[in-house]
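> Starting from these lines, generate the structure:
(2 chains)
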Amino acid sequence: MLRTPSQTRPASLEDLLDTKLLARLDALDISSRKVFRGKLKGERRSKKRGESVEFADHRPYVVGDDLRHIDWNVFGRLDTLFMKLFMEEEDLSLHLVLDCSASSDTGEPNKLLFMQRVAMALGYIGLVKYNRVAVSAIGARLGDEGEAGLVQSLRDMRGKRRVHDMSRFICDLRPDTGGDESTPASFGEACRRIALSRRGKGIMVILSDMLIKEGYEDGLRMLVGRGYDLFVIQTLSPQELDPSITGDLRLKDIEDGDKAEITMSAPLLKKYKKTLAAYTNQLRDFCARREIMLVTVPSDTAVDTMVLDHLRRRGVVK
Amino acid sequence: MSWLTPGLAAVAAAVAVPTLLILYFLKLRRRDVEVSSTLLWKRTVQDMQANAPFQKLRRNLLLFLQLLILAAGLFAIAQPELSAETVTGNRHVIMIDRSASMQAFDGNWKGETVTRLEQAKREALAFVDALAEPTWLDGVMGGADAGADKATVITFDSRGGIRQPMTADKGLLRAAIESIEPSDAPTAASEAYKLAIAQAPPRSVPDRDGTMVPLPPAVGTVHLWTDGKIGDARDVVPGPEDVVRFNRVGGENAINLGITGLRAERSYENPRELSIFVGLSNTDTKPRTVDVQFIVNGSLASVRTAEIAPAEGAVSEGRSLPGTGGVVFKLDRAAGAVVEVRTKATDNGEDLLERDNTGWVVVPPSKRLRVALVSTGDFFTSLALEGLPFGELVQMSPSEFESLGGNASQFDVVLLDGWLPDGPLAAGNYLVLGKVPEGLGLIANGESSPSEIVDWNEDHPVMADLELGGRVTIPEALTVEVEQGAAVEVLAETNSGPVIFDVSTGSSRAIVVAFDPDNSTWPFDVSYVVFHAAAINALGGVTGSASAGTVRPGGTLSERLPIGARNVRLEIPEAPDVTLAPAPDGRIAYGPVPRAGVYAMTWSGPAGITDEVEDGKATRRVAVNLLDPDETDIRTKAVLSFASGDVAASAQGSAQTPRRLWPWLLLGALAISMFEWWIYNRRVYL
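Residues are numbered from 1 along each chain as shown, chains lettered A, B, ... in the order given. Below you'll find the predicted structure:
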């Protein structure tokens, strides 16, 4: 919840993911509940039976089928023509969206850093497995001196060679803390732009705390249903989940400078937790209705646990 | 429950409570904290604000706790204390008995055995500590210590004394109490109570026509620490508004053995044979055995074992009378001696009072007087003197006396019976019958009508044993006037004027009978002989009993030294010597005598017939003995019977050490503040 004191920014891939984890990530692939037709042949199994070496099924021959795929061994035994079906492998578009608003740059451990790590891990998997990977950042600057933009993107990366491009981009992301007076980046507007500029179909992973004052609904609506399988990873800091602040306080919103006066007390804390739970449930309901997968994780989760356990279980990676 | 400084607490409350409330309701200075988003907080607070009454209540819990802490602090400032009794007014009289029995070693202070006086002092100090102190508020409200308790410290043994007049200064009160020393005197409280009354402020009320009518003084609350053995309790008259608290010290069944009687007598037949009688008393319910040591002039002469009967039998004031016993010690000694008698219990039983285990008796030497009777042939007088044991009795006519050249100094006493030499008397001691000598301060003024002796000075050693009322009829006596400033003591009076005088001048002492006994009925009464014997002994410096003048502690040591005594020093046991200036007639007085023991007077100049002389200095010793059955019976009394009614002993230790509550209040405040801190930190509300 609180601004992270003297936040250290990651400088390279090694700062984001250690080599051991990378080795384990090599074995994974991005998965999608929906199957999309890729643009290029990739390492992705397609529902389409295709031309890879991996056997999938048999089906009766119909006129017009490629004779090269008739299973002659079966014909020899059964005297019936069966087609041998093979797995088709396709590439998949993976779009990672990071919410780099000032609010994500808080917490202990820092939420943004966690999101960067998860994004890097997923991007790495995507690149290694020859998927098309794009990274977009909402409300971020690139580098300490960089210009702030509503959406910063790095698109059409493919293959392991691009890992370092991607890590540089992710490491360079800085939250846009323009000050009290600046209007924070509009989530809805950013989503609209991302939706308009999307290419192909695939998986979109949104990493954000989802604490969006204007409402997350418009933005998500904008993204859903446009050929993307949408995942939302809501990252909350432990301080947001269980605040430890005490006393008579004036809370200042780090993004818009909005102030709330509270006196911490047990009922207030209880109430806060209820409100948080209600907010998350509301988000989950919203997502469930639109076939968006939602994962809520505290920022002190280890990245390997996150990727190898949480995301794997939810079918984001396999 | 009483409050020592309620005014101060009230002012503090008037300042602190509104301050706290104002501070509380002022806008809180909140700490700024940056958070990722106020989204959830705003929603939470909105919900909470919907429950505003609950919110207020919750918020007030801290205020309530703070008020509680403040209240505890304020009550602590008011210094509440729990005591069984309500205190009337804020004037207290601390009266402490310091008589001999208060030295009994059965007091108890916090489990430690101390003397009764020590216990009384400690309890009185605790009481002083609990008095309300003056506050700065009193200065504002008028009077530097108007709101404070005031107290006076009065001690008493046989006399009362103000140790500290009425004050609110606890330091003075404490110092006064700590300075109290035990005395060996018996107990009498009426004088002390009069001193207390004397310090009460005068009060009066206007009556119907506006004149002020005085009211009886209100002493306030009298806190009396004593063991209850007050001899003159019936003479103590507490006012109708006075409250007397009787704080009893000592045990009701305290066991003590002591000397209650001590006397020395020489045998009439053989003056060398000296008998010393010792009376002993026992408050134990068992018979006791004591060793009685006789120490003559500092060396142990004899040890006798004595049995003392148990306290039983006749009951007086709710208790049995102490058992008695005695022992007699005889020794053959013509010279004077100081005999010290000590008792020591030999049966391992208790003996709580040490002071009454020692007694002294000063035995004068068995000297005999040379007496000259100068008469014109008086029958009765010579008859009376012949039977008396003088060393030498010389009868002579006036001419024979005059042929001595008026030099009377070879005789200890000269009796002038109906005759006076011409001119003033030469230096010496005279008993003059029927004439009034010149130059002694007496002026004869004609004769009076027939009369009777109606009053006589029983305190004077000469007249002490006489019974003259209605027995002596005087047909004619000289009317005598006393010159102003003359050292004359009237020994007997008739209904028409004084007739017997004790006269002293710088060089002479005379006892003058201003009527002719031969013409009166006196010679036919036994008192005539007794008077002559006593008068001659008194003039010759021999006291009647073999034990010279016994003085009680608390009394006055009064002695007549030979005329011309100079540089008189008095040695006092357990105290530095004092120098006394004798009056022209040789009298010295010192008092009150604090302790028992042997007091020795030393002077240069002529010595009396029984005085010791060494290196040209005369010494006379006087024994001061406790010898008081009431003090030796140290069993305390539960009820004091004053003139205004009975006062029962208050519960042991309840009023003397009032339970002060402020430390507990402060502890409570600390506990509440810790609780509040816990609540504040844990954000837990009840």
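> where does A:Gly123 fall, phi/psi-wise?
phi -60, psi -40 (degrees, to the nearest 10).
> ugh, typo on my part, it should be B:Ile77
phi -60, psi -40.
> which residues does the closest residue to it other than its chain neighbours contact?
Spatial nearest neighbour of B:Ile77, chain neighbours left out: B:Ala9 (4.3 Å); criterion: CB to CB, 6 or more residues apart in numbering or on different chains. C-beta: built from backbone N, CA, C; applies to glycine. Neighbour list for B:Ala9: B:3, B:74-75, B:77-78 [criterion: CB atoms under 8 Å, 6 or more residues apart in numbering or on different chains].
> Between all of those residues, which two are at the greatest distance?
Farthest pair in the contacts of B:Ala9 (CB to CB) is B:Trp3 and B:Leu74. Separation: 11.1 Å.
> Comparing the two, which shows the higher neighbour count?
B:Leu74 (20 against 17; other CB atoms under 10 Å in any protein chain shown).
> in which helix or strand would I find the more buried one?
helix B:52-77 (DSSP states H and E).
> Repeat that for B:Ala618.
strand B:617-624.
> Go through that strand and flag the buried ones.
By neighbour count on 16 or more other CB atoms under 10 Å in any protein chain shown, the buried set for strand B:617-624 is B:618-624.
> Show me what it is packed against.
Applying 3 or more CB pairs under 8 Å, 6 or more residues apart in numbering or on different chains; DSSP states H and E, we find strand B:617-624 packed against strand B:358-363, strand B:557-560, strand B:597-604, strand B:612-614.
> go with 7 Å
With contacts taken as 3 or more CB pairs under 7 Å, 6 or more residues apart in numbering or on different chains; DSSP states H and E, strand B:617-624 sits against strand B:358-363, strand B:557-560, strand B:597-604.
> How about exporting the helix or strand that that strand is followed by as PDB, limited to the C-alpha atoms?
Counting by DSSP H and E, the next helix or strand C-terminal to strand B:617-624 is helix B:629-632. Taking C-alpha atoms only, helix B:629-632 is exported to PDB below (Å, rounded to 0.1, in the frame of the first residue of the first chain):
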ATOM      1  CA  PRO B 629       2.100   0.700  91.900                       C
ATOM      2  CA  ASP B 630       0.000   2.200  89.100                       C
ATOM      3  CA  GLU B 631       3.000   2.600  86.800                       C
ATOM      4  CA  THR B 632       4.400  -0.800  87.700                       C
END
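> B:Phe294 contacts B:Val327, doesn't it?
No - counting by CB atoms under 7 Å, B:Phe294 does not reach B:Val327; the two are 9.1 Å apart.
> where do the helices sit along the stretch 151-300 of chain B?
With DSSP state H, counting those that start in this stretch, the ranges of helices along the stretch 151-300 of chain B come out as B:170-178, B:190-198.
> now chain A
For chain A, applying DSSP state H gives helices covering A:13-16, A:19-25, A:72-78, A:111-128, A:163-172, A:187-196, A:217-223, A:238-241, A:266-289, A:303-304, A:312-313.
> will you turn the helices of the stretch 151-300 of chain B into JSON lines that also has mean neighbour count, distance to chain A and mean pLDDT?
As requested, those are exported to JSON lines (neighbours: other CB atoms under 10 Å in any protein chain shown; distance: least, CB to the nearest CB, whole Å; pLDDT from 0 to 100):
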{"stretch": "helix B:170-178", "mean neighbour count": "18", "distance to chain A": "46", "mean pLDDT": "91"}
{"stretch": "helix B:190-198", "mean neighbour count": "21", "distance to chain A": "61", "mean pLDDT": "87"}
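> Done for today, thanks.
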